[in-house]
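> Here's my sequence, what's the structure:
(2 chains)
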Amino acid sequence: MKNIQTLKGFRDFLPQEVRKRNYVLSKLKNVFEMYGFEPLETPVLEYEELLNGKYGDEGDKLMYKFEDLGKRKVAMRYDQTVPLARVMSQYQLPLPFKRYQMQNVWRADNTQKGRYREFLQCDIDTIGSNSLISDAEIIACTLKAYESLGFTSIKILINDKAVFGELSIRAIAIIDKLKKIGQEAVLQELVKTNNAKDLADAKNILDKITRTEPTKIISEIQNVLQTMGIDEKKVIFTPSLARGLDYYTGSIIEVECDEYPYGSLGGGGRYDNLIGMFSGKKIPAVGFAFGFDRTIEAMDSLHLFPLDLEQTTKVLVTIFSSELTSESLKLVTMLRDSGISSEIYQEEASKIEKQVKYANQKSIPYVVIIGPEENDKNVVTLRDMSTGKQESLSVQKLIHALASK
RNA sequence: GUGGUUGUAGUUCAAAAGUAGAACGCCUGCCUGUGGAGCAGGAGGUAGCGGGAGCGUUACCCGUCAGCCACCCCA
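Numbering: from 1, shown residues only, chains lettered A, B, ... in the order given. Got it, this is the predicted structure:
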């Protein structure tokens, strides 16, 4: 094997990145649970038959499929909604069922900025409720989630599928691009695709959409949000918004951030015809999907990650010499037993210089040295790496000092 | 799936059709018990992989793999 590399669209996450991802995950999880969403996980593999045809022609092409060792035709999780639909028909869960799910999905799509073949989806969905309170709660929870990550200028764009009336899906998809490609391009494309007779006709169609007043659904959702104390300026009615998806049946929402103008951070809406696909019943649903990778990218560029994410080890215990190895080993064990995350240097015959340097490189904030002098006096030296100050302490005092830092 | 672009030391990048350099990083020493600065040395590349044209190439052509960007679509 000469090619040492990962598969196209698949990534390694080095420690620093994993810490960031875990940080975001735990924040999201806290907020989701605060709003009453429960965790759900489903298998990576499903029967191919179960997923086939659920994502359109495009989806069938992009799905990872293969035969397992028992000759079963299987497919890898392509999204979290179809598995959710399966779960809803396989178990009798009390409705409305509110769940969050944060698992990898796989799509053999071409890669691009922020787009990978293996990526994490973070979904919240409420199944089984027609109430607009469900829609509003999804929005409220979404806003709260982004706020908890430190975003200050998050906006929710909201629309109602009904705004588009009888317009073709193709035309809707073009109008959805208004913000991205501009009015002129939209008009031209409408004509080019025969969705409008000429430019004037296209202008008419577009104007009719963009001048729409908020529908009843929108107003009601906004009322609920207002009662919940959410700033109405954060939820903006945007009649051209469609998200390119044809499965939405009511509200459509998208999250944007002013300081991060590279596309939406996530999207969702109401989809009443999807969850019942296996049971044949109509089961209402509304949800939101967080664009995890893009959210991380945005947080990076806005410097929203706390600095102390970098290192969890609090102290490095050095080994002064082979005669004193056991002293260091005993100490590191005591520190760990006291709940202090500690590391012992792994090469016995290394100079102290090298060991301290190692702590510096790994941003370990404290270093403990036990040399002959310390050992004679039954103390240890604690070095604060940020200030360079050192003090002599008994082991008890050391544990106490580190525990409070 | 389509199109563009890139692939040279750990990293970021140079040069030049005739077998490669810098910066940063790394290692060693100045500093025989201590990091982040400085100085002096040092290690490290058969140029993604395969094929072709050519006296000869890492440099040209083709394929492949991968990265980046865009379209389609979407997270």
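
> in the stretch 151-300 of chain A, which spans are helices?
According to DSSP state H, counting those that start in this stretch, the stretch 151-300 of chain A carries its helices in the segments A:169-176, A:178-192, A:199-210, A:216-227, A:292-301.

> go on, the stretch 301-405 of chain A?
Assigned by DSSP H, counting those that start in this stretch, the helices in the stretch 301-405 of chain A fall at A:325-337, A:352-361, A:372-377, A:395-403.

> picking up where we left off before, could I get the helices of the stretch 151-300 of chain A in a markdown table, plus columns for mean pLDDT and mean neighbour count?
All C-beta atoms are positioned from the backbone trio N, CA, C, and that covers glycine. What follows is the helices of the stretch 151-300 of chain A, written out as a markdown table (pLDDT from 0 to 100; neighbours: other Cβ atoms under 10 Å):
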| stretch | mean pLDDT | mean neighbour count |
| --- | --- | --- |
| helix A:169-176 | 89 | 20 |
| helix A:178-192 | 89 | 15 |
| helix A:199-210 | 91 | 16 |
| helix A:216-227 | 96 | 18 |
| helix A:292-301 | 89 | 18 |
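
> Including mean neighbour count, mean pLDDT and distance to A:Leu14, could the helices of the stretch 301-405 of chain A go into a markdown table?
Formatted as a markdown table, the helices of the stretch 301-405 of chain A follow (neighbours: other Cβ atoms under 10 Å; pLDDT from 0 to 100; distance: least, Cβ to Cβ, whole Å):
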| stretch | mean neighbour count | mean pLDDT | distance to A:Leu14 |
| --- | --- | --- | --- |
| helix A:325-337 | 16 | 95 | 24 |
| helix A:352-361 | 15 | 91 | 14 |
| helix A:372-377 | 12 | 94 | 35 |
| helix A:395-403 | 16 | 95 | 27 |
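
> can I get the ones you listed in TSV with distance to RNA strand B?
Rendered in TSV, the data for the helices of the stretch 301-405 of chain A read as follows (distance: least, Cβ to the nearest atom of the strand, whole Å):
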stretch	distance to RNA strand B
helix A:325-337	12
helix A:352-361	4
helix A:372-377	3
helix A:395-403	13
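
> and of those helices, who's closest to A:Thr193?
When those are ranked by distance to A:Thr193, counting by Cβ to Cβ, first place goes to helix A:352-361 at 57.2 Å.

> what residues does that closest one touch?
Contacts made with helix A:352-361 from outside it, assessed by Cβ atoms under 8 Å, 6 or more residues apart in numbering, are listed as A:Leu316, A:Thr318, A:Ile319, A:Phe320, A:Tyr345, A:Glu347, A:Tyr366, A:Val367, A:Ile369, A:Gly371, A:Arg383, A:Met385.

> Mind doing that once more with 7 Å?
Where contact means Cβ atoms under 7 Å, 6 or more residues apart in numbering, the residues beyond helix A:352-361 that reach it are A:Leu316, A:Thr318, A:Phe320, A:Tyr345, A:Val367, A:Ile369, A:Met385.

> want to throw the helices of the stretch 151-300 of chain A into a markdown table with distance to RNA strand B?
Written out in a markdown table, the entries for the helices of the stretch 151-300 of chain A read as follows (distance: least, Cβ to the nearest atom of the strand, whole Å):
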| stretch | distance to RNA strand B |
| --- | --- |
| helix A:169-176 | 5 |
| helix A:178-192 | 6 |
| helix A:199-210 | 16 |
| helix A:216-227 | 20 |
| helix A:292-301 | 5 |
